[in-house]
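Asks: Attaching a predicted model along with its sequence, questions to come.
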Amino acid sequence: MPRLHAFELLPDEEGREAVLRDWQALRDAGLPSQLDHKGMTNTPHVTVLTAEALGPEHDAVALDRLGTALPVEARASGLALLGGARVSLVRLLDVPEVLARAVLDLRTDVPHAKHPGWLPHVTLARRLTRSAIPTALEALGHDDLTLRLVELRRWDPDAGTVRTL
């Protein structure tokens, strides 16, 4: 299976630290956490789209579509489970309509993007067993969280690079 290229939004330092606290809380509870992911791209982020290939023309379109929407505040609106027997635990984000519209317009300009639509979220853990969910929910608590998304980056797995657009 090919590794997917991606456009991602990054939170400011305060938002990054808030997500890292969630990752640490899961680890402290003895659960899988995104802290366990040792890849060079592993930092709190919101994936805008993934595709098997993205060219420089897509970088320009992404910057044009999304650059004017940043910075933007996104409120964590709850937790969700994605997947089957093992799940990813994510924080869903309420984003302003201007950002949602910009992302959907970008996805139209990249017709080979994976997954239809867009579900804005920050991943907290992958491959959790369903029996671990109550412990994860207890570890994370119920605090409100607002992320200020400030930066657009591009992950190119073929070149092994991550760069700000």
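Replies: It's in. These numbers come from a predicted model, not from an experiment. Numbering: from 1, shown residues only.
Asks: check contacts around residue 52.
Replies: 2, 4, 5, 112, 114 (C-beta atoms under 8 Å, 6 or more residues apart in numbering). C-beta here means a position set from N, CA and C on the backbone, and glycine is covered the same way.
Asks: separation between it and residue 6?
Replies: According to C-beta to C-beta, to the nearest Å, residue 52 stands 11 Å off from residue 6.
Asks: quick one: the helices in this protein?
Replies: Assigned by DSSP state H, the helices in the chain fall at 13-28, 56-67, 97-109, 133-140.
Asks: of the contacts of residue 52, closest to residue 70?
Replies: residue 5 (19.9 Å; C-beta to C-beta).
Asks: Quick check: the gap between the spatially most central residue of the chain and residue 129.
Replies: By C-alpha atoms, centre = their mean, the chain has its centre lying nearest to residue 46, at 2.5 Å. Distance of residue 46 to residue 129, given as C-beta to C-beta: 25 Å.
Asks: strand partners of the lowest-mean-pLDDT helix or strand in the chain, parallel vs antiparallel please.
Replies: Of all helical and strand segments in the chain, the minimum by mean pLDDT, DSSP states H and E falls on strand 161-164, at a mean of 90. Using DSSP bridges, strand 161-164 pairs in its sheet with strand 146-156 (antiparallel).
Asks: Using CSV, write out every CA atom in the least confident helix or strand of the chain.
Replies: Provided in CSV are the C-alpha atoms of strand 161-164 (Å, rounded to 0.1, in the frame of the first residue of the first chain):
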residue,chain,number,x,y,z
THR,A,161,10.0,15.8,3.8
VAL,A,162,7.6,17.9,5.8
ARG,A,163,7.4,21.6,5.0
THR,A,164,5.4,24.6,5.8
